[in-house]
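*Asks:* model the structure of this input:
(2 chains)
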2 protein chains.
Amino acid sequence: MEKQKLTVGIDIGGTNTVFGFIKDDGENLYSKSIPTLPDEGVHKFIIRLTGEIKNTYDEHRREYVLTGIGIAAPSANYYLGTIDTPSNLKWGKVNFVTMMKEYFEVPVVITNDSNAAALGEYKFGLGKGLKNFIVITLGTGLGSGIIINGNLLYSGGGLAGEFGHTIVKPGGRQCNCGRTGCLETYVSASGICRTVFDLLATYNDRSELRRIPFNKITSEIVSDLAAKGDSIAIKAFHHTGEIFGKALANLAISFVPEAIILFGGLVDAGELLLAPTRHHFEENLLGIHKGKVRILKSSIKNGMAAVLGASILISKKINGRSLILEMDKNIEKHN
Amino acid sequence: MEKQKLTVGIDIGGTNTVFGFIKDDGENLYSKSIPTLPDEGVHKFIIRLTGEIKNTYDEHRREYVLTGIGIAAPSANYYLGTIDTPSNLKWGKVNFVTMMKEYFEVPVVITNDSNAAALGEYKFGLGKGLKNFIVITLGTGLGSGIIINGNLLYSGGGLAGEFGHTIVKPGGRQCNCGRTGCLETYVSASGICRTVFDLLATYNDRSELRRIPFNKITSEIVSDLAAKGDSIAIKAFHHTGEIFGKALANLAISFVPEAIILFGGLVDAGELLLAPTRHHFEENLLGIHKGKVRILKSSIKNGMAAVLGASILISKKINGRSLILEMDKNIEKHN
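*Replies:* As a prediction, this is how the structure comes out:
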């Protein structure tokens, strides 16, 4: 019996890393989340990660053959194979592709996590059939992946856009990038926690949040308390949605996408975040664009968009063409 | 003797309209600037414009044949042929293409002025050989045209990006678009004049500008006085460059272009504007992008980039393909 082909998609986050064994049709055969533990260093991380992948692969070797590994990571460079000093991992600049190849003899490709998510949405999610859309990931930081005319937007250097580092409040919150007032210091899982502390200082509302120290708070706690009616938590979502909606409106003015697709931990809060975001987005759009750009919550199981996207990346690479050109061709056919 | 082909490129601005008779190789056989006089209404304007074009064409009929008319205008829709209520023209929504066709029996195509300028730069100017760049026109307003992966960026509706309406100062200056704080209320020929009046109110510096009423000031006057050392005029350029540089840095964070090409009346001020713009641009870029994005002054004769771009648009349309796909194909060939 001929073995079926499998690729591994990996999404490396600041907190957790998810890997999945993905079939050609996008079906997820098996996936697992392991803690990233960035303080441990990249070498120990790779030993743990490859060990987990090999163990799982050993269970499936009889029916499947591994054809490649696609990786999504913050600050990853598609052309160089590097992860370059992202703020959420303390690894400095590492050639992650070269390091992974010491453990596997299959092709390994890496790309920015938000770009991978955009590819996942484009092939398997709400981006199917669209030509111009933006994917925003709201995790520890705020990532962006942009598909224009059916192409993933890359700069010449292989780096993607960094919408999370748009400066929205000059002189505002300190950002890990070394500047101040970046969007992701307000709009992200960590940003909303900072907003909570700002609001606790400003208002006298009673709140469960007054019992929680800064180093224990999470966006899930804020979300749960908002759902229970905690007024500080609710204000935190309004505040976050206002900054987010206005920033998206400014982005849409230059890009004019068909949709903005959101995913990541903070988006699990659903309408708590989406309602104020949509309100301020529409209010700040130019008249000619009002009502034309949808803001959607990703339909792909949380954490899997980048895994799926990374897995596509590798399969296309094996076929001798990069995905970017492959898409280009498809779009031209459709025109 | 076979006649040579000519297209007419027209750039309609809030103050002046330039038309040129352009040969296939981009050579400008003849061009002329006429006042737009927007208060006069669109019908009178078209009668004057077509009269001028026909008079000139009559002089060249023996050697040349007119094959089409390409038009660049604010708020123009490529797909619909309309000019839709731009703030600098008081025409409402008009189907300019249909109206022009009453006077000429050749194909007529229209596009946004900044998009036309981007096409002109792409084929004949500093955009030659680049795949990702942004053209910014600083005239009465601030227009933007974006080339990504060799494609002109259009939304599905045929409208282009409106970077000039990025909100940079929430609650700031009133904009003709109905909102407040838009970039073009600060960075444009009219924006710098508003800044002068703001500075005259704030500072006590002696200045020639104190003799000039609001309805008489022009960016040329500010530019001339700055060159002569007038401290209010110099501050106005610093202030404009600071807002412009920061806004461009925020744009570059999402787009990562190879270059940003500037043209239009205000750019004639040269280093007065460019030096502070470049300074604040670099200062506000992410570390990974610093030193990689050039800010350039267009090398195309002032006012002609959009005329040339409009003329390309029509020649490609005649050949049975739209320029956008044509570029798409070229890029694919190059990869």
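*Asks:* so where's the stretch 1-150 of chain A uncertain?
*Replies:* Within the stretch 1-150 of chain A, the stretches falling below the threshold (pLDDT under 70) are A:1.
*Asks:* show me what from it comes close to chain B.
*Replies:* Residues of the stretch 1-150 of chain A lying close to chain B by C-beta under 8 Å from any C-beta of the partner chain are A:Ser75, A:Asp84, A:Lys131, A:Asn132, A:Ser144, A:Ile146, A:Ile148, A:Asn149. All C-beta spots, glycine's among them, are computed from the backbone N, C-alpha and C.
*Asks:* residue contacts, A:Ser31?
*Replies:* Contacts here follow C-beta atoms under 8 Å, 6 or more residues apart in numbering or on different chains; on that basis A:Ser31 touches A:Val18, A:Phe19, A:Gly20, A:Phe21, A:Met304, A:Val307.
*Asks:* my guess is the last one meets A:Thr17, correct?
*Replies:* Just to be clear, that refers to A:Val307. No: A:Val307 is not in contact with A:Thr17 according to C-beta atoms under 8 Å; the separation is 9.9 Å.
*Asks:* got any residues that touch both of the two?
*Replies:* Common contacts of A:Val307 and A:Thr17 (C-beta under 8 Å, 6+ apart): A:Ile10, A:Asp11.
*Asks:* looking at the two, which one has more neighbours?
*Replies:* Using other C-beta atoms under 10 Å in any protein chain shown, the more surrounded residue of A:Val307 and A:Thr17 is A:Val307, with 28 against 25.
*Asks:* mind listing what's buried along stretch A:143-159?
*Replies:* Across stretch A:143-159, burial judged by 16 or more other C-beta atoms under 10 Å in any protein chain shown covers A:143-155, A:158-159.
*Asks:* starting at the chain centroid, how far to it?
*Replies:* Computed by C-alpha atoms, centre = their mean, to the nearest Å, the chain-centroid distance of stretch A:143-159 equals 14 Å.
*Asks:* ditto for stretch A:241-261
*Replies:* Here stretch A:241-261 shows a centroid-to-chain-centroid distance of 17 Å under the convention C-alpha atoms, centre = their mean.
*Asks:* just the C-alpha atoms of that stretch, please, in CSV.
*Replies:* Extracted in CSV, the C-alpha atoms of stretch A:241-261 (Å, rounded to 0.1, in the frame of the first residue of the first chain):
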residue,chain,number,x,y,z
GLY,A,241,-11.9,48.1,20.8
GLU,A,242,-11.8,51.8,20.4
ILE,A,243,-8.0,51.9,19.8
PHE,A,244,-8.2,48.8,17.6
GLY,A,245,-11.2,50.0,15.5
LYS,A,246,-9.5,53.4,14.8
ALA,A,247,-6.2,51.8,13.9
LEU,A,248,-7.9,49.3,11.6
ALA,A,249,-9.8,52.2,9.9
ASN,A,250,-6.5,54.0,9.2
LEU,A,251,-5.1,50.7,7.8
ALA,A,252,-8.2,50.1,5.7
ILE,A,253,-7.9,53.6,4.2
SER,A,254,-4.6,52.7,2.6
PHE,A,255,-5.3,49.0,1.8
VAL,A,256,-9.0,48.8,1.1
PRO,A,257,-9.4,45.1,1.9
GLU,A,258,-12.5,43.0,1.5
ALA,A,259,-12.3,41.7,5.0
ILE,A,260,-10.2,41.8,8.2
ILE,A,261,-10.0,38.4,9.8
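*Asks:* what about it, near chain B?
*Replies:* Yes: residues of stretch A:241-261 contacting chain B under C-beta under 8 Å from any C-beta: A:Lys246, A:Ala249, A:Asn250, A:Leu251, A:Ile253, A:Ser254, A:Phe255, A:Val256, A:Pro257, A:Glu258.
*Asks:* check which helix or strand covers the third one.
*Replies:* Going back to what we said before, that points to A:Asn250. Using DSSP states H and E, A:Asn250 sits within helix A:231-255.
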